[in-house]
Each structure stands twice: as structure tokens, then as C-alpha cells.
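In: fold the following.
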Amino acid sequence: MSFETPKIAYNGKIREISLGKEGEVTVGGESCYPFYLFEGDMPRRAVIAMDVYDTKPDDWPESVLAPFADVVDDPASWAKKCVESYGAEMIALQLVSIDPNGLDSPPEKAVEVTQKVAEAIDVPLIVWGVANSEKDTVVLKMIAEACSGMNLILGPVEEDIHKAVGAAAIAYGHTVAASTPIDINLAKQLNILLKNLGVPDEKILIDPTVSSLGYGLEYCYSVMERIRMAALTQEDERLQFPILANLAKEVWKIKEAKLTQEEDPLLGEQEKRGILLEAMTAELFLIAGADILVMRHPEAIGLVRKFVKEMTTE
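Out: Model prediction:
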């Protein structure tokens, strides 16, 4: 007697969301758990967005800064290199310079940089603030208006700024990354608030908040897993959205990625260590249900692409 793999039929399905000026990239559409291809469909693989900072990073390890050393002073050129040299399918512009506790650069500068980056690339653009409600509200609203019709992904859109930024997204045709602190109930609640505000379902992504391997990933994983389970098995329509995992900044700030081999010989080669940490973190979030990965090192991205190919090839 031949063995038949037990199968579960899922009644729920993840919404398909088109991103970019002309809908160049579509995410979502899954009707099964990640890589459970024997039970349902994953019509498209996860998309990788590459990190670009609006100012030269001063806290990146040399090993991850090196591939971009010739363009880190020009965000538009940096973004273009990510697309042309490393095959980035999206760009995640991190507006670190607007942080009031840092450079506190003016909103007008952030708008100028965002416009230049958007014009330099032909892939969808994520624009990410610094989770400072007051500054993010001003900056993201101005960017939404200045980049009208470009369908940017604006984030992080947290509950206390969802009305202001959500309204701007509606008015100027952008997508929002609904950001909550690692809690399925808060994620659902924010999506309800966005719906009540009038943000179309096809303009919402879930940002559940993520962390690096070894720094709380297990809890983040379980929350993402529960979100996907509720979406597919409980048919919870307020959780049936693609998930964005903004993981690169979490991985490359931890000590295991930043310590040199001279500082701690037992940890081994720093570059290899950081690449593996980023790749493993990304792969685990794929298994948990992520549809968009924000990554940094080209070699880590290569490992993740190889992993996806192996998982989806029969």
C-alpha cells in the first residue's frame, strides 16, 4: 500500500497586493502554509528588498558596507546599484537621518532624497521612517504628496499615526505597512482601524515587527505563524495580508554581527558570520510566512534565493 501524505484544505487565502508605480511586483496569493505545496498554492515566491540609507551609515560593519562603498554617499546611485548589480526586486529607503535623536534632518531633505531614489529605479520603493510619531507623520505625509501616484510603501504606520499617514496614502495612491509590536491582536486591530479609515485592502501590508536570530526571533516567528494560521484556517479577513519583514537592520546591529575576529576569535570570520546570521534569519521568516524580506548583504541574499529555489523545486 502506497503512503498518501495527509492534506488539509484551507478556506482562507492571502490577498494579492500589487506594488510599484505600474504594479511591477505582486505579493501574496498563498492558499497554504509556507512551502506546503502539497496542500495548496504559492503562486509567487517572496520578494527581496535591499536596504538603502538616506545618509552614509556610521554603524555598519565594514564587511556589509564594502559592497556599497562606492555609492554610500548617494542614495539614488546606491539604490540603482542594488537593482542593476544585485538584482534587488524592491528598494527599502531607510530615512535614518530624520531621527530627532540623531541628525534630525528636515522633512524637505527626506522628500528630495526619496524623489531622487524613486526616479532612479524601476522597482517598488519602500520608504521607512524612524518610529518617532511626530517626525514620521510630517515626513511621510510630505513624501506621500510629493510622490503622488508612485504607489510607495509607507512605513512604519503605527496606530498613533495611522489616521494622518493613512489619509495621505489614500489621497495620493500609496500602500501602508501597518506596524505593530509583535502581537497578533494588535495587528488585527490596526488593520481594522485602517479599513474604517478607508484604506483599501489592496493597499495594506502587515509589519509584525521582527528581530534577529538569537535576539527574540522565536517569539516573532510564533506571532507571524499565528497570523498566517488565522488568515488561512480561521478565514480572518483582517489578517489576510502579505507580511513584510524588515530584518536587515535588526541582524546587523547585534554584537555577533559587529564584533571582529580580533575582538573575539572564538566567533570566527566576521563577514561569513554576519552573512549566515542574515540568511538564516531571513529563511526562518520565510517559513513563518513573510512575503517581503528587507535584506542587506548580497551574499546573504544569494543564499536565501538558493533556499527558496530548493524549497519550491519538485
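In: isn't M150 right up against L125?
Out: Yes. If you go by CB atoms under 8 Å, M150 and L125 touch, sitting 7.2 Å apart. C-beta here means a position set from N, CA and C on the backbone, and glycine is covered the same way.
In: just the helices in this structure please.
Out: For the chain, the helices defined by DSSP state H occupy 62-65, 75-86, 107-120, 133-146, 162-172, 184-197, 217-233, 248-251, 255-258, 270-288, 298-312.
In: how far does the first one sit from its chain's centre?
Out: For helix 62-65, the distance between its averaged C-alpha position and the chain's averaged C-alpha position is 21 Å (CA atoms, centre = their mean, to the nearest Å).
In: other SSEs contacting that helix?
Out: Here helix 62-65 touches helix 270-288, going by 3 or more CB pairs under 8 Å, 6 or more residues apart in numbering; DSSP states H and E.
In: tell me the contacts of P75?
Out: With contact taken as CB atoms under 8 Å, 6 or more residues apart in numbering, P75 is in contact with 52-55, 93, 113, 116-117.
In: show me which of these are buried.
Out: Neighbour counting by 16 or more other CB atoms under 10 Å classes 52-55, 93, 113, 117 among the contacts of P75 as buried.
In: and those residues, which is closest to P208?
Out: L93 (20.7 Å; CB to CB).
In: and the gap between the closest one and V139?
Out: 12 Å (CB to CB, to the nearest Å).
In: about what we covered before: same list (the contacts of P75) but as a markdown table, adding distance to L286.
Out: Formatted as a markdown table, these follow (distance: CB to CB, whole Å):
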| residue | distance to L286 |
| --- | --- |
| V52 | 22 |
| Y53 | 24 |
| D54 | 28 |
| T55 | 30 |
| L93 | 23 |
| V113 | 30 |
| K116 | 31 |
| V117 | 26 |
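In: from these, pick the one nearest K135.
Out: Checking these against K135 by CB to CB gives D54 as the nearest, at 13.2 Å.
In: right, and the closest one touches A110 too?
Out: Yes. Look at D54 against A110 with CB under 8 Å: they come within range, at 6.6 Å.
In: tell me, what's touching these two both at once?
Out: Contacts common to D54 and A110, judged by CB under 8 Å, 6+ apart, are 95, 97-98.
In: of the residues you listed, which is the most crowded?
Out: Most neighbours among these, by other CB atoms under 10 Å: L95, with 26 neighbours.
In: what are the phi and psi values for it?
Out: L95 adopts backbone torsions of phi -90, psi 60, taken as degrees, to the nearest 10.
In: now do the contacts for it.
Out: 54, 110, 113-114, 127-130, 139.
In: could you rerun that using 6 Å?
Out: Counting by CB atoms under 6 Å, 6 or more residues apart in numbering, L95 touches 54, 110, 129.
In: again with M42
Out: E30.
In: now the shared contacts of D54 and A110 in JSON lines, with distance to G268 and pLDDT?
Out: JSON lines is the format used below for the shared contacts of D54 and A110 (distance: CB to CB, whole Å; pLDDT from 0 to 100):
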{"residue": "L95", "distance to G268": "34", "pLDDT": "98"}
{"residue": "S97", "distance to G268": "34", "pLDDT": "98"}
{"residue": "I98", "distance to G268": "36", "pLDDT": "98"}
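In: export those residues to a markdown table and append columns for distance to I227.
Out: Below are the shared contacts of D54 and A110 laid out as a markdown table (distance: CB to CB, whole Å):
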| residue | distance to I227 |
| --- | --- |
| L95 | 26 |
| S97 | 32 |
| I98 | 29 |
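In: just to revisit the earlier point, between the contacts of P75, which is nearest Y86?
Out: Among the contacts of P75, and counting by CB to CB, the member closest to Y86 is V52, at 11.4 Å.
In: per-residue confidence for the nearest residue to V304 once chain neighbours are set aside?
Out: Leaving aside its sequence neighbours, V304 sits nearest to A282 (CB to CB, 6 or more residues apart in numbering; 4.8 Å). A282 is assigned a predicted lDDT (pLDDT) of 98.
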